[in-house]
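Asks: Pasted the sequence and its predicted model underneath.
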Amino acid sequence: MRILILTHGTRGDVQPYAGLAWALRAAGHDALLAGPAGLASVAEPYGIPYAPLDDGPNTLMDAPEIRAAVETNYRGLRGKAIAMTVVRRTRPLLARVLEDMAAAADGGFGGSGPDLVVHHAGMPGQHIAEKFGVPAVPACLQPVWVPTGSFPNPMLPVRLPRALNRASYLSIRLTVRTMAGVTDRWRTGTLGLPRRRGRHDILHAPDGAATTVLQAFSRHVLPAPLDYPPTVHTTGFWHLPAPPGWTPPPDLAAFLAAGPPPIYLGFGSMAGTDPGRIGRIAAEAVRRAGVRAVVATGWGGIDAAAFPDGVHVLDQAPHAWLFPRMAAIVHHGGSGTTAAALASGRPQVVCPFVADQPFWARRTHAAGVAPEPRPQCHLTPDGLAGAIRQVRTDDVMRRRATELGERIRAEDGAATAVRVLEQILDGAGRTPSR
């Protein structure tokens, strides 16, 4: 089976799809991952074929309006103005990404084309699948794409009455519509496809049938009861193991061996307008909590200059290897980091910035594996130090984290997704190539 996997965004938007590609290749299938050129290193250690796409909107990560968006979560009049600026600057950059997606599809698999297209739900991969006459499977890293009455759209920064839960997901369609002009020009000009009704609807195929949807997160951390249709498969998180043969740098190994398990502190690609402020707060919190710590600077979200002795600073390390060796995980609540923290069986402190992060922060707290969320906009040394002390000493929370970690690991979400994809091609009358 030849599967083209399309994604874009930060590392957290690429790594889960690399986990799916890894599982597909382990099952004997031919998987090609297409993602931002700047993140090819995610796939390289695993030997996963990677088609580099223009970095596109990723080049804006250090732009002042993006850093401001991270801090405001698009709230208020300032947030709305920032959102419009981000959309305006993103459109021409997205056009380059789409052209590279088409080239990856045409040139992949020796020019034979894919049997199936799996695409990040925010990327219009369904148009490429339509061109090749093959199924498209949107893959969701957050529960924001398929409407449910169980809870409101997690991306909305406001509370809604329960009766409006399902209607709140219309906002996602409106978000997609902001890029519809760019997508339509690419669809007709590059792909040679005619306009048709429903062409931007990822939940329905060209013939109107419901699309099979993969949700790469765990039902164990969602509010119950869930009312997703049978075409939606909530598989569990798609974990990517540490690279084959990976060993820690000597200084990291020595630090871990020199004392009790430290806490991990890192905010991934999240960087507000003042990384120095976050660094100073985190450093003082570590000092007041009296703990050893491993601090990951990521994409510059934390200025590590102020950290005291007893702290090991690194750029990054495989979460699958590092997190089980920690006493607790302090992070921003991105879906990928949350998945790795849950799988590690360690308690967490979640300091959300933007988008879906507040949702995952609330859900880890509701699951009993984290204290109340500590939003970065309200973060203080005392508050963060108190949360760190709590996760270090709360036996009930640690036990719940251990138990939930066992359930998360048992799901094996990527392997479940592989079985669903095989069933799709079996049902379409194709013989999966192995």
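Replies: Sure thing, it's come through. Numbering: from 1, shown residues only.
Asks: Please count neighbours and contacts with C-alpha atoms only from this point.
Replies: Fine.
Asks: what's the neighbour count on Phe167?
Replies: Slight slip there: residue 167 is Ala, not Phe. Residues lying near Ala167 (other CA atoms under 10 Å) number 14.
Asks: Could you shift the numbering so residue one becomes 694, and keep it that way?
Replies: Okay, residue one is now 694; in that scheme the one you just asked about reads as Ala860.
Asks: a helix runs through it, doesn't it?
Replies: Yes. According to DSSP: H, G, I helix; E, B strand; the rest coil, the state of Ala860 is that of a helix.
Asks: got a list of what it touches?
Replies: By CA atoms under 8 Å, 6 or more residues apart in numbering, the residues touching Ala860 are Pro840.
Asks: how much space between it and Leu896?
Replies: 16 Å (CA to CA, to the nearest Å).
Asks: just Leu1077 next, same as before
Replies: For Leu1077, the distance to Leu896 (CA to CA) stands at 41 Å.
Asks: Look at these two and report which has more neighbours.
Replies: Of the pair Leu1077 and Leu896, Leu1077 is the one with more neighbours under other CA under 10 Å, namely 25 against 21.
Asks: what helix or strand is that one on?
Replies: Per DSSP states H and E, Leu1077 falls inside helix 1074-1086.
Asks: The following helix or strand past that helix: which residues count as buried?
Replies: Next along the chain after helix 1074-1086, taking DSSP H and E as the criterion, comes helix 1088-1104. For helix 1088-1104, burial by neighbour count (16 or more other CA atoms under 10 Å) applies to 1090-1098, 1100-1102, 1104.
Asks: TSV for these, including pLDDT and distance to Arg912?
Replies: TSV is the format used below for the buried residues of helix 1088-1104 (pLDDT from 0 to 100; distance: CA to CA, whole Å):
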residue	pLDDT	distance to Arg912
Met1090	98	20
Arg1091	97	20
Arg1092	98	20
Arg1093	98	16
Ala1094	98	16
Thr1095	98	17
Glu1096	98	15
Leu1097	98	11
Gly1098	98	13
Arg1100	97	10
Ile1101	97	9
Arg1102	96	13
Glu1104	95	10
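Asks: Report the two of these separated the most.
Replies: Pairwise distances across the buried residues of helix 1088-1104 (CA to CA) peak at 21.4 Å, for the pair Met1090 and Glu1104.
Asks: before we move on, which element is Leu1015 in?
Replies: Assigned by DSSP H and E, Leu1015 falls in helix 1012-1015.
Asks: export that helix as CSV, just CAs?
Replies: The C-alpha trace of helix 1012-1015 is given here as CSV (Å, rounded to 0.1, in the frame of the first residue of the first chain):
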residue,chain,number,x,y,z
HIS,A,1012,10.5,12.7,24.8
ALA,A,1013,9.9,8.9,24.6
TRP,A,1014,13.4,8.4,26.1
LEU,A,1015,13.6,11.4,28.4
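Asks: For the helix or strand just after that helix, which outside residues touch it?
Replies: Moving toward the C-terminus from helix 1012-1015, the next helix or strand (DSSP H and E) is strand 1021-1024. If you take CA under 8 Å, 6+ apart as the criterion, strand 1021-1024 is touched by 955-961, 1016, 1030-1031, 1034, 1039-1045, 1081, 1084-1085.
Asks: Spell out which strands sit alongside strand 1021-1024 in the sheet and which way each one runs.
Replies: Paired strands of strand 1021-1024, with direction, are strand 956-959 (parallel), strand 1041-1043 (parallel) (DSSP bridges).
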